[in-house]
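**Student:** Have a look; sequence and predicted model below, questions after that.
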Amino acid sequence: GAGTSSSPYLITSAKELAGLAYQVNAGNTYSGIYFKQTTNLDMSAHYWTPIGGSSKRFCGNFNGSNFTISGLFSEPTSTPYQGLFGYTGSRATIQNVGIKDSYIQGNHHIGAIVGNAESTDITNCYNLSTVLCTEDEVGGIAGGLSNSTVSNCYNTGTVSVNTSVHYIGGIAGYTTSSSIVNCYN
C-alpha cells in the first residue's frame with residue numbers, strides 16, 4: 001500500500017503490528033496515513049507495547065477489517081496508557097477492531113482499544129478481554145475520551161479495578177466533550 005485511503009499500508013502479521021507500535025513510539029504520528037489489517041493476529045508471542053504513549057500519539061487511521069487481535073498482554077501495573085493503542089489524537093480513526101483473549105493492565109488510562117483518545121473516532125470495535133486498572137480511568141473500549149466519539153462498539157470483557165480506582169465504565173472510564181452512540185456493555 002501507499003498509506004492512502006484507497007491504498008492503505010497493510011498489516012499482515014503480528015510482527016508488522018509490533019512494527020507500527022515501534023514506529024509510533026519512536027515519534028512517527030502517521031497523521032493522515034491509513035492502515036488496514038488483513039488477517040486475525042495473535043500477539044501472544046510478543047510482550048505488547050501499545051501503539052503510542054503520553055508523548056507519542058497515533059494520529060492516523062486504522063481499519064481492523066473485522067479481523068481480531070488476540071494475545072495482547074501488558075504486565076506492568078505502574079504503566080499508564082495501556083491498550084492496543086496507548087494514546088491517539090489529531091482526528092485519528094480506529095474502526096472494525098476486535099480484541100479477544102487478552103489481558104491489559106496498567107495504572108491509569110487503560111482500555112482494550114485505546115488507553116486515552118483525544119480527538120479520535122472509534123467505530124465498530126469490540127472487546128472480549130480483561131482490562132485491569134490500579135488507579136483511574138478504565139473502560140472496556142477506552143480509558144479516557146476527550147473530544148472523541150465512540151459509536152457502534154461493545155464490551156463483554158471484564159473491567160477489573162482496584163477498590164480505590166476512579167472513573168470506571170464498560171465502554172469508557174472518563175469522558176469530556178465526547179459522545180458514545182449505539183454502544184453496549
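**Tutor:** Noted; the coordinates are in hand. Numbering: from 1, shown residues only.

**Student:** Looks like Val97 contacts Gly64 (just checking).
**Tutor:** Yes: the criterion here is C-beta atoms under 8 Å, and Val97 meets it with Gly64 at 3.5 Å. Just so you know, the C-beta spots here come from the backbone N, C-alpha and C atoms, and that holds for glycine as well.

**Student:** so what sits against both of the two?
**Tutor:** Shared contacts of Val97 and Gly64 (C-beta atoms under 8 Å, 6 or more residues apart in numbering): 37, 125.

**Student:** show me what contacts the nearest residue to Tyr81 once chain neighbours are set aside?
**Tutor:** Nearest in space to Tyr81, with sequence neighbours left out and distances taken as C-beta to C-beta, 6 or more residues apart in numbering, is Gly115 at 3.9 Å. Counting by C-beta under 8 Å, 6+ apart, Gly115 makes contact with 50, 80-83, 85-87, 106, 109, 142-144.

**Student:** how about the helices in the chain?
**Tutor:** Assigned by DSSP state H, the chain shows helices spanning 14-25.

**Student:** show me where pLDDT drops low in it?
**Tutor:** Scanning the chain with the threshold set as pLDDT under 70 gives 75-77, 163.

**Student:** Recalculate using a threshold of 80.
**Tutor:** By pLDDT under 80, the low-scoring segments of the chain are 75-78, 162-165.

**Student:** quick one: contacts of stretch 165-178?
**Tutor:** Contacts of stretch 165-178 (C-beta under 8 Å, 6+ apart): 110-111, 133-150, 153-155, 159, 161, 180, 183-185.

**Student:** Separate out the buried members of the residues you listed.
**Tutor:** 110-111, 133-145, 148-150, 153-155, 159, 161, 180, 183, 185 (16 or more other C-beta atoms under 10 Å).
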